[in-house]
Structure formats: C-alpha cells, structure tokens
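Participant: the following comprises the amino acid sequence and a computationally predicted model.
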Amino acid sequence: MADHLDAPGLTSPAMDTRVDITDHYAFQKPGDRDRTILILNVNPLAPTHADEFRHDALYETLIDTDGDAVPDLAFRYRFTRKHRGGQFAHVTRAILPKHAKLEDGHIHPEWEKDVLVDKAPVSFGRRARISEGNDGVRFFAGFRSDPFFFDLMGFLNGFKFTGTDFFLGKNVFGIALDLPNQLLGKRSKIGVWARTLVPMLHQPDHLTQVDQMGRPAINTVFNHNNDKNTFNVVQPDDQRNAKTASGKTFLEVFTSELESLGGYDAAHARSIADVLLPDILTFDYSSPRGYLNGRRLRDDVIDISLNLVTNGKITGDGVGPHKDYLPHFPYLGNPHV
C-alpha cells in the first residue's frame with residue numbers, strides 16, 4: 001500500500017483512521033505552470049470506520065525549501081467538531097524557524113503568518129464544495145474516491161500479482177490546496193511530506209505526531225512490526241541514523257531489505273537506501289513531470305517502486321490508474337456511495 005494502515009498488523013496509527021494518512025501528492029497544476037496542487041488523503045476505507053476529520057487533530061503538509069530535510073514551511077489544516085452533519089476547515093501557512101523542534105509537539109501560533117482559508121465547509125456528499133481563500137488559494141476538504149491503485153492481495157501473497165485493484169471503489173477523506181508557487185518559496189526544487197498529530201492522553205494541549213508520509217510505500221515495504229510506529233514519529237533528518245527494535249539503524253535495515261528483495265550487492269543497496277532516506281517527496285514545481293518529481297494522481301508509483309526494490313525482477317502489479325479522476329480541482333474523483 002502507499003501508506004494506508006501502516007501501523008503493525010495493518011492497523012491505523014493511533015488506532016484512529018481519521019489521522020491515518022493514505023497518500024499525499026504534489027504536482028504542477030495542469031495548464032498553469034505558476035500554480036501547484038497539494039493533496040493529503042486520510043481515512044482508508046471511509047466511511048466504514050469514520051465519517052469525519054478529527055476535530056482535535058492537526059493535519060500538515062511540510063515543505064523543505066533548502067534540501068536539509070528540515071521543514072521551513074507548513075500548511076496546517078484544522079477542523080471543527082462535526083455538528084448536525086456539518087464540519088468546517090481552517091487553513092494556515094506557517095513559517096518555521098530552523099530551531100523549531102517539531103517532535104516536541106508544541107505548535108506555536110506565532111509561526112503561522114498567513115490565514116489562507118477560514119470556515120471552509122467540508123464536503124460529505126458527491127458534490128465537491130470549493131472554497132476561495134486568501135493569497136489566491138483555493139481549498140477543498142471532504143469525502144472522495146480513493147485515487148490509489150494497487151493489487152494489495154497479491155502483495156500480501158508474496159508478490160503474486162493477479163492485476164486485481166483492491167482500492168477500486170474505495171473512499172478516503174481528502175484535503176486539497178490549489179496555490180500559487182510563490183507560497184512554496186523562491187527555489188522551485190523543494191521537499192514535501194505530510195504528517196498528522198493528535199493530543200497526548202494526559203496532556204491534551206500537547207500534540208504528538210502519529211503518522212507521516214513522504215514517498216509512497218516506504219514504511220509499508222521496508223519496516224516491520226513496531227518499527228513502523230517508530231518510523232512514523234522520527235523526523236526525516238533523523239531517519240537514517242534512528243535505531244530500530246533490532247538495534248540497527250533504519251539505513252542499515254533498508255540496505256538489508258534491498259539486498260534481500262532485489263539481490264543487490266551491499267554497496268548498491270546502500271546507495272539506493274541513501275536515496276530513499278530521508279523519506280521526503282522531492283519536487284521541482286517548475287516541471288510538469290511526475291514521480292519521482294512530486295507525484296500526480298495517475299503516476300504508477302507501485303510499478304516504479306517494485307521495479308526498483310526487486311532489481312527489475314518484478315516490473316509491475318498489473319494494475320493501472322483509475323478512470324474517475326476529475327479534470328479540474330480538486331482532481332479527486334467523486335465518492336462511491
């Protein structure tokens with residue numbers, strides 16, 4: 001999977017699907033090279049386990065503008081309680097100081113320089129309700145078709161793919177921003193990843209990170225058991241050297257997995273692991289190309305990833321893009337109801 005149910009035992013981080021990141025995307029807006037689309041999806045198999053965004057959680061898209069794997073900007077999405085069938089979003093842009101310790105869970109309001117959207121209605125039906133915000137931003141949040149495509153059963157059955165798309169007809173809750181490139185910084189080559197945070201049990205004013213995602217399928221494929229939870233809370237600039245339950249670093253674990261899956265020699269496996277970590281989606285917003293430059297909805301990231309990790313032994317899962325993507329913002333297809 002991309003990042004669906006990436007806690008141990010195919011469960012959601014924090015045991016809450018509302019903050020379980022399924023996928024995130026970054027791509028140049030079709031037909032407009034001066035704008036970028038950012039999409040963050042959560043809540044796999046919606047609305048089976050949840051039919052709302054979590055009101056006390058924080059959803060973020062993080063941007064690294066200088067290549068040091070430390071975020072410089074954050075687009076933050078907060079939601080009201082769902083009341084009488086309605087829910088509203090508040091979107092801000094934060095400029096993060098280099099001394100910021102994101103793992104401490106303190107979200108400082110003075111960093112949030114711009115309110116981009118306020119009181120944007122969440123879409124719970126088939127119609128996508130688009131909100132016009134400040135600084136030329138357009139915003140959507142709500143119930144949508146899951147854009148991810150993958151033969152999950154084949155993956156779980158030892159890479160014995162049959163071309164059956166498990167995610168066809170499934171839904172998620174999506175968050176989408178259509179924004180001018182200037183809000184992403186002056187350098188077009190950036191790093192993008194997403195995370196979700198929830199209040200700590202005995203310190204409700206203190207948020208703790210429970211899920212994060214850079215490139216698709218990284219945590220799903222390379223980590224096992226409780227290492228999945230650890231990987232979800234380690235900040236990207238620490239991911240190479242952070243220790244797993246075995247005492248090895250994540251860089252060592254990724255290297256070993258690549259040797260096993262693809263038959264790579266140690267040096268070649270290490271060089272690929274060095275690219276995969278830190279787990280950040282690299283994106284040049286001046287280019288319309290897709291994955292590995294950002295990620296578009298139609299990009300067959302699974303075929304690319306399978307070919308890489310198996311050293312060309314498996315070139316794909318036999319599944320292709322869905323046909324329900326919209327030709328216009330928010331691009332996510334109408335939900336299956």
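Facilitator: Looks like it came in fine.
Participant: use CA for all of it now, contacts and neighbours both
Facilitator: Noted.
Participant: can you list the weak-confidence ranges in the chain?
Facilitator: When residues are selected by pLDDT under 70, those of the chain lie in 99, 101-108, 110.
Participant: what are the boundaries of the strands in it?
Facilitator: Under the criterion DSSP state E, the chain contains strands at 21-28, 35-42, 58-64, 73-79, 88-95, 112-121, 131-132, 138-145, 171-180, 189-199, 207-213, 281-284.
Participant: which residues does the shortest one contact?
Facilitator: Counting by C-alpha atoms under 8 Å, 6 or more residues apart in numbering, strand 131-132 makes contact with 117, 120-121, 138-140, all of which sit outside it.
Participant: which residues does the residue nearest to Asp274 when sequence neighbours are not counted contact?
Facilitator: Spatial nearest neighbour of Asp274, chain neighbours left out: Leu251 (7.3 Å); criterion: C-alpha to C-alpha, 6 or more residues apart in numbering. Residues near Leu251 by C-alpha under 8 Å, 6+ apart: 239-241, 270, 273-274, 277.
Participant: hang on, the earlier thing: would you format the strands of the chain as CSV with mean neighbour count included?
Facilitator: Formatted as CSV, the strands of the chain follow (neighbours: other C-alpha atoms under 10 Å):
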stretch, mean neighbour count
strand 21-28, 28
strand 35-42, 24
strand 58-64, 24
strand 73-79, 22
strand 88-95, 20
strand 112-121, 17
strand 131-132, 16
strand 138-145, 26
strand 171-180, 24
strand 189-199, 23
strand 207-213, 26
strand 281-284, 22
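Participant: how about those strands in JSON lines, adding distance to Asp317?
Facilitator: As requested, these are exported to JSON lines (distance: least, C-alpha to C-alpha, whole Å):
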{"stretch": "strand 21-28", "distance to Asp317": "18"}
{"stretch": "strand 35-42", "distance to Asp317": "22"}
{"stretch": "strand 58-64", "distance to Asp317": "29"}
{"stretch": "strand 73-79", "distance to Asp317": "34"}
{"stretch": "strand 88-95", "distance to Asp317": "37"}
{"stretch": "strand 112-121", "distance to Asp317": "38"}
{"stretch": "strand 131-132", "distance to Asp317": "37"}
{"stretch": "strand 138-145", "distance to Asp317": "21"}
{"stretch": "strand 171-180", "distance to Asp317": "21"}
{"stretch": "strand 189-199", "distance to Asp317": "25"}
{"stretch": "strand 207-213", "distance to Asp317": "22"}
{"stretch": "strand 281-284", "distance to Asp317": "22"}
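Participant: any idea which of those strands gets closest to Phe329?
Facilitator: strand 171-180 (7.5 Å; C-alpha to C-alpha).
Participant: and the angle from the closest one to strand 112-121?
Facilitator: 130 degrees (axes from the mean of the first three to the mean of the last three C-alpha atoms, to 10 degrees).
Participant: by contact count, what packs against strand 171-180?
Facilitator: If contacts are counted by 3 or more C-alpha pairs under 8 Å, 6 or more residues apart in numbering; DSSP states H and E, strand 171-180 sits against strand 35-42, strand 138-145.
Participant: off-centre distance for stretch 268-282?
Facilitator: 17 Å (C-alpha atoms, centre = their mean, to the nearest Å).
Participant: gap between the two ends of it?
Facilitator: One end of stretch 268-282 sits 21 Å from the other (C-alpha to C-alpha, to the nearest Å).
Participant: what residues sit buried inside that stretch?
Facilitator: 269-270, 272-274, 276-282 (16 or more other C-alpha atoms under 10 Å).
Participant: and the longest helix anywhere in the chain, what's buried?
Facilitator: The single longest helix within the chain, with elements called by DSSP state H, is helix 250-262. By neighbour count on 16+ other C-alpha under 10 Å, the buried set for helix 250-262 is 250-259, 262.
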